[in-house]
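Visitor: Fold the following.
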Amino acid sequence: MQKLGYFPVEIVPAILAEDEESFFSLTKTAAEFAHRLQFDFMDGVFVPSKSVQVSTLKNLAKKFDLSKIELEAHLMVLNPEKYADELVESGVRTVIFHVEAVESPKKTSLFFKSKGLDVGIALNPETPNEAVEKIINVFDFIMFMTVKPGFYGSPLEIDAIRKMKDFALNHPDVLIAVDGGVKMDNLELFIDAGARRICVGSAIMKAENPKLAYNQFLEKVNEKVR
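Guide: So this is what the prediction gives:
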C-alpha cells in the first residue's frame, strides 16, 4: 500500500460504452485532455448491464497512442483475473475489481500484481468496510462506489459517502478513490469525505464540451485544496 502523508486530488474521466464505435469516440475525446483515464467494463452478470468487452482494448491500442495517459480498467465482472493478460497487452497499468466478484480478494490482488498491475478494490454501496479491513495492505487504493454500479447517471447514495468518510478517518494513509454520481455541484462533498482519486462519468463525458467540463472540475479542485 502506497503511504504518503498527502494525496493530491485527481479527476479521472470514466469511459462507459455499449458499442465499439462509442468506445473509440469517447476515448479519442478524453485523450485530448485526460492524464488518467478509467475504462468501465460490465459483463451483464455481475451487474445487469453489458458494455463492450475487455478485448476491445486491444483494438483501441492499435488506433490510438495512449502511452502518455495512465490507463485503468474498472472491471464490473465476475472472475476478473481472466482478463489480466489482455489488460497488460493493451497498456493498462491499473485494475479495479469488486469484492463480491472473486472468491479471495487477497489472492486476486496478488495475482494481478504478479502481472505488474497496480490494484484497487471496489466496495459497492452496500458492502461493509469490514470486507477489506484485514487485507488493506494488498491493494494500492480502495475505491468506494457511491451509486449502484453499471450505469451512467445512477442516483447518488449518501450512506456510501458516510461510509467512505468513516474509512478515511480510520485510514488516513490509504489512497481513496470514488466512483459514482460526481457532479460540479457536489464535488466538495466527495473531497471532504476523503476521496482523492475522483472518477467522473456523465458529468464530463456527456457534457456538451467534455474538455471544458474537465477543466472546470480541475478549477474547482484547485479552489478547494488551495
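Visitor: any idea how far Thr94 lies from Glu20?
Guide: Separation of Thr94 from Glu20 (Cβ to Cβ, to the nearest Å): 22 Å. Quick note: C-beta positions are derived from backbone N, CA and C, even for glycine.
Visitor: In this protein, what helix or strand scores lowest on average pLDDT?
Guide: None of the helices or strands of the chain scores lower by mean pLDDT, DSSP states H and E than helix 56-63, at a mean of 91.
Visitor: Would you mind writing the CA trace of that helix as PDB?
Guide: Once side chains and other backbone atoms are set aside, the C-alpha atoms of helix 56-63 remain, and they are given as PDB (Å, rounded to 0.1, in the frame of the first residue of the first chain):
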ATOM      1  CA  THR A  56     -11.900  -4.100 -27.300                       C
ATOM      2  CA  LEU A  57      -8.900  -2.500 -25.600                       C
ATOM      3  CA  LYS A  58      -6.600  -4.400 -28.000                       C
ATOM      4  CA  ASN A  59      -8.200  -2.600 -31.000                       C
ATOM      5  CA  LEU A  60      -8.100   0.600 -29.100                       C
ATOM      6  CA  ALA A  61      -4.300   0.300 -28.600                       C
ATOM      7  CA  LYS A  62      -3.900  -0.100 -32.300                       C
ATOM      8  CA  LYS A  63      -5.900   3.000 -33.100                       C
END
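Visitor: Check which element follows that helix along the chain.
Guide: Following the chain from helix 56-63 toward its C-terminal end, the next helix or strand by DSSP states H and E is strand 70-76.
Visitor: Give the other helices and strands that that next one contacts.
Guide: With contacts defined as 3 or more Cβ pairs under 8 Å, 6 or more residues apart in numbering; DSSP states H and E, strand 70-76 has these neighbours: strand 36-42, strand 94-98, strand 118-123.
Visitor: how much does the longest one deviate in direction from helix 56-63?
Guide: In terms of direction (axes from the mean of the first three to the mean of the last three Cα atoms, to 10 degrees), strand 36-42 departs from helix 56-63 by 140 degrees.
Visitor: what's the angle from strand 36-42 to strand 118-123?
Guide: For strand 36-42 against strand 118-123, the angle between stretch directions is 50 degrees (the same axes, to 10 degrees).
Visitor: In terms of secondary structure, what does strand 36-42 contact?
Guide: Helices and strands in packing contact with strand 36-42 are listed as strand 10-15, helix 20-30, strand 70-76; criterion 3+ Cβ pairs under 8 Å, 6+ apart.
Visitor: I'd like these as TSV, with mean pLDDT appended.
Guide: Conversion of the helices and strands packed on strand 36-42 to TSV gives the following (pLDDT from 0 to 100):
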stretch	mean pLDDT
strand 10-15	97
helix 20-30	97
strand 70-76	98
